[in-house]
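Engineer: I would like to see how this sequence folds:
(one chain, ligands or ions: 1)
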Amino acid sequence: MPGITLGDTVPNLEVETTHKNFKLHDYFADSWTVLFSHPASPIYLLSLLTNGLQGDFTPVCTTELGAMGKYAHEFEQRGVKLLGLSCDDIQSHKDWIPDIEAFTPGSKVTYPIIADPNKEIIPQLNMVDPIENGPSRALHIVGPDCKIKLSFLYPSTTGRNMDEVLRALDSLLMAAKHKNKIATPVNWKPDEPVVISPAVSDEEAKKLFPQGFKTAELPSKKGYLRVADVS
Ligand code: BEZ
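Structural biologist: Sure thing, here's the model as predicted:
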């Protein structure tokens, strides 16, 4: 995925959205944001009239935007904002929303969706699918400092898993809370023990985790896998 990546600052673009126009940094300010884009599908009839791609009214995306709407309260509880992006215009996005909400009962699309009909924004946000040479099924989790903390890039044929988006977000929030002195192990979920970063000495770990930590006994006896309960 050439372009902005982990640790890079998202460019402060002025965007047109289904809510209002704003500069990205104003939207990101003081909270975490899940910014997600959607691939376009080639539509034969449309290709006779336009550039041959339709981003809205695509089946998998309809399920994904609906799921985002259904999970909105989970993101809100964590103080996290949602921001969608699809390569059609605002009127098309607005016409699409009733389909999205109808397909996923209980979903309300309360988050803004960026319009990018000229596909000028996606390269700047590194949301181009190199295979399709068009918009991608990408997702960046952006920190309050406007930097990318995590990116997913899925092919157009694979819809995302919202539980994994939330799980990854919870991991990022937990690591940030502990100033990246911890990391989360495989399949970690909130309330489960975390791993102490290898950059932290045992002495520092004793201060950081007064409740104690366990060091796994492994054949190498190197003592590098230390686990703490922080819930
Ligand atoms: C979809 O979102 O349904 C989709 C988009 C592009 C290609 C295939 C599926």
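
Engineer: spell out the secondary structure type for S220.
Structural biologist: With DSSP: H, G, I helix; E, B strand; the rest coil as the basis, S220 sits in coil.

Engineer: give me the element H93 is part of.
Structural biologist: Applying DSSP states H and E as the criterion places H93 in helix 90-103.

Engineer: tell me what that helix is packed against?
Structural biologist: Applying 3 or more CB pairs under 8 Å, 6 or more residues apart in numbering; DSSP states H and E, we find helix 90-103 packed against helix 59-70, strand 113-115. C-beta: built from backbone N, CA, C; applies to glycine.

Engineer: can I get it in CSV? Just the C-alpha atoms.
Structural biologist: Extracted in CSV, the C-alpha atoms of helix 90-103 (Å, rounded to 0.1, in the frame of the first residue of the first chain):
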residue,chain,number,x,y,z
ILE,A,90,-23.3,13.5,-1.9
GLN,A,91,-26.7,13.0,-3.5
SER,A,92,-25.9,9.4,-4.4
HIS,A,93,-24.7,8.8,-0.8
LYS,A,94,-27.9,10.3,0.6
ASP,A,95,-30.0,8.1,-1.8
TRP,A,96,-28.1,5.0,-0.7
ILE,A,97,-28.6,5.5,3.0
PRO,A,98,-32.2,4.2,3.1
ASP,A,99,-31.1,0.9,1.5
ILE,A,100,-28.2,0.6,4.0
GLU,A,101,-30.6,1.1,7.0
ALA,A,102,-33.3,-1.2,5.5
PHE,A,103,-30.9,-4.1,4.9
